[in-house]
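# sequence first, predicted coordinates after that:
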Protein chains: 2
Amino acid sequence: MTSESGYFTESLSDKVVTARNAAAQDPRLKQVMEVITRKLHEAVKEIEPTEAEWFRAIMFLTETGHTCTDWRQEFILLSDVLGVSMLVDAINNRKPSGASESTVLGPFHVADAPELPMGADICLDQKGDPMLVHGRILDTQGNPIAGAKIDVWQANDEGFYDVQQKGLQPDFNLRGVFRTGADGSYWFKGVKPKFYPIPDDGPVGKLLAALGRHPFRPAHLHFIIEAEGHARLVTHIFDPDDPYIASDAVFGVKESLMAEFKPVFDPAKTKAAGFTSPYFDTEFDFVLAPA
Amino acid sequence: MTSESGYFTESLSDKVVTARNAAAQDPRLKQVMEVITRKLHEAVKEIEPTEAEWFRAIMFLTETGHTCTDWRQEFILLSDVLGVSMLVDAINNRKPSGASESTVLGPFHVADAPELPMGADICLDQKGDPMLVHGRILDTQGNPIAGAKIDVWQANDEGFYDVQQKGLQPDFNLRGVFRTGADGSYWFKGVKPKFYPIPDDGPVGKLLAALGRHPFRPAHLHFIIEAEGHARLVTHIFDPDDPYIASDAVFGVKESLMAEFKPVFDPAKTKAAGFTSPYFDTEFDFVLAPA
């Protein structure tokens, strides 16, 4: 229903706009724009922005766009800090009961990380506290999955990924691809991860500051796990003792993704694990949903 | 209400995000972000975008940002074609019954247009069909307003403003500021305006095309009218016979802002009006609301 004339009125504002899209060829675009227009007009009617406030919003979006480059995506960051990225992830990755939960991919995945023998140390520069990560890849019936591909990446003990410190870290530092054997188990070495800030020198960082929010993500390791006949799993495991565990700037944390990082001092265990000093032991089983 | 842990869940998504803004200093920012977050999450939940669709939205916003320069504002254009600019205008300019309605300012106003004697011709290059615009500035009781400042600007007969054709049109072509005398009346000469497209070579133009919409604004003249003790009026008058009158790309048209452009062929009238050829006669009274 639009006004009789089809001209703009405050009360019918979104309907007048949407009526203009009647000839759109793509029915999905038409539907998406109807919802966006309606929700946008609802927001404006509830906020009742002054013209100066509207202009501040225009300038915020403009600065966000101007901050985007080939290597920085400030609109994804905005989506992240508003919880939209996690919501889109949740909608697209609803899992059956018992399957491991997903979380956001993040910007630091690299497609061509090297495939390594099980047990390899992905830390190429020996910096940080040594860590052993191990567990099993299972189906929702508890059976081990053989031939599962585990793509893991993490920041170093200072909170930086290799791609953020080219020249300072070896290429492919703290990245690796592993494949499970018949028993579905996996194990590799790395370093205990640390919290780190999302890029906070742009408009999104300024917004966070104005909202009284910090820019930190709690310590985590990233995983993509794939196996034939199963749904791809993109997730993290988190350190529950991290100071930012309850306030991840991008809302990536889920209760089910907590992993314990247990310090191991026993020299016999240390030696058996192939370390020369105490290390952190982290055990986590991933359960893949059927495809 | 957030989940007990405060961690992200699909069902409580917007509340988890908003709970993080608890320490925001500016109560208005806090309120605005609560509404934006809630409406954004409502839209995502209703649309259920795929990850590829989410990424298309990110890239659309990025390209819109990259199209903004010192002289082009693609986010304002986006606000315009989604009816948001008109909605913000409507919210900020609710007028008492009988007062002239407002419409959007648009990007082509120039602050320092010359003040001209009543009756002057604002068309400096004699191109186009001559037009006489006249009427009165009144208050809501029907009394004439003396000393009202009338700032008028228009595109030429090819649909371009002087600032879009620097060097091709004289500076300040088709702009002028006039002041009413004791009887509140005004009159000046110009050229019959023509429809013109909004900039349609960027992401907003591509969106319009995908939605089956044209980029045209129907022929109009812009006015800002100011007088002591009265609310400032920013408006247009429109040609009701324009082919795009019912489909203004930016939704600026209102029924009450139609002006007739009557052709006058009578040589006596033509001579009396100071023209040497037939002309268009346009009469429009503006009614200012009290301050």
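Nice, I can see it. What you see is a predicted model; the values in this text were computed from it and never measured.

# quick one: average pLDDT of stretch A:161-173?
For stretch A:161-173, the mean pLDDT works out to 94.

# residues touching residue A:37, list them.
By Cβ atoms under 8 Å, 6 or more residues apart in numbering or on different chains, the contact set of residue A:37 is A:14, A:17, A:18, B:82, B:83. (Glycine included, C-beta is placed from N, CA and C.)

# that one and residue A:31, how far apart?
Shown here: residue A:37 relative to residue A:31, a distance of 11 Å by Cβ to Cβ, to the nearest Å.

# the residue in chain A that chain B sits nearest to: which element?
Nearest residue of chain A to chain B (Cβ to the nearest Cβ) works out as residue A:65 at 0.9 Å. The secondary structure element spanning residue A:65 is helix A:51-67 (assigned by DSSP states H and E).

# send the alpha carbons of that helix over as PDB?
What follows is helix A:51-67 as a C-alpha-only set of coordinates in PDB (Å, rounded to 0.1, in the frame of the first residue of the first chain):
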ATOM      1  CA  GLU A  51      20.200  16.500  10.200                       C
ATOM      2  CA  ALA A  52      23.600  16.900  11.900                       C
ATOM      3  CA  GLU A  53      23.400  13.400  13.300                       C
ATOM      4  CA  TRP A  54      22.400  12.000   9.800                       C
ATOM      5  CA  PHE A  55      25.500  13.800   8.400                       C
ATOM      6  CA  ARG A  56      27.800  12.300  11.100                       C
ATOM      7  CA  ALA A  57      26.500   8.800  10.000                       C
ATOM      8  CA  ILE A  58      27.200   9.600   6.400                       C
ATOM      9  CA  MET A  59      30.800  10.800   7.300                       C
ATOM     10  CA  PHE A  60      31.300   7.700   9.500                       C
ATOM     11  CA  LEU A  61      30.400   5.400   6.600                       C
ATOM     12  CA  THR A  62      32.600   7.500   4.200                       C
ATOM     13  CA  GLU A  63      35.600   7.300   6.500                       C
ATOM     14  CA  THR A  64      35.000   3.500   6.900                       C
ATOM     15  CA  GLY A  65      35.100   3.200   3.100                       C
ATOM     16  CA  HIS A  66      38.200   5.300   2.800                       C
ATOM     17  CA  THR A  67      40.000   3.100   5.400                       C
END
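
# list the buried residues in that helix.
Buried positions in helix A:51-67, judged by neighbour count with 16 or more other Cβ atoms under 10 Å in any protein chain shown: A:53, A:54, A:57, A:58, A:60, A:61, A:62, A:63, A:64, A:65, A:66, A:67.

# for the spatially most central residue of chain A, what are its contacts?
Closest residue to the average C-alpha location of chain A: residue A:104 at 2.5 Å, with Cα atoms, centre = their mean. By Cβ under 8 Å, 6+ apart, residue A:104 lies in contact with A:80, A:85, A:86, A:89, A:234, A:250, A:252.

# now it, what's its secondary structure?
Of the three states, residue A:104 takes coil under DSSP: H, G, I helix; E, B strand; the rest coil.

# ditto for residue A:17
Here residue A:17 is helix, with the state taken from three-state DSSP.

# what is the neighbour count of it?
Residues within reach of residue A:17, counting by other Cβ atoms under 10 Å in any protein chain shown, total 24.

# how about it, nearest residue that isn't a chain neighbour?
What sits nearest to residue A:17 in space, not counting adjacent residues and going by Cβ to Cβ, 6 or more residues apart in numbering or on different chains, is residue B:83, at 3.8 Å.
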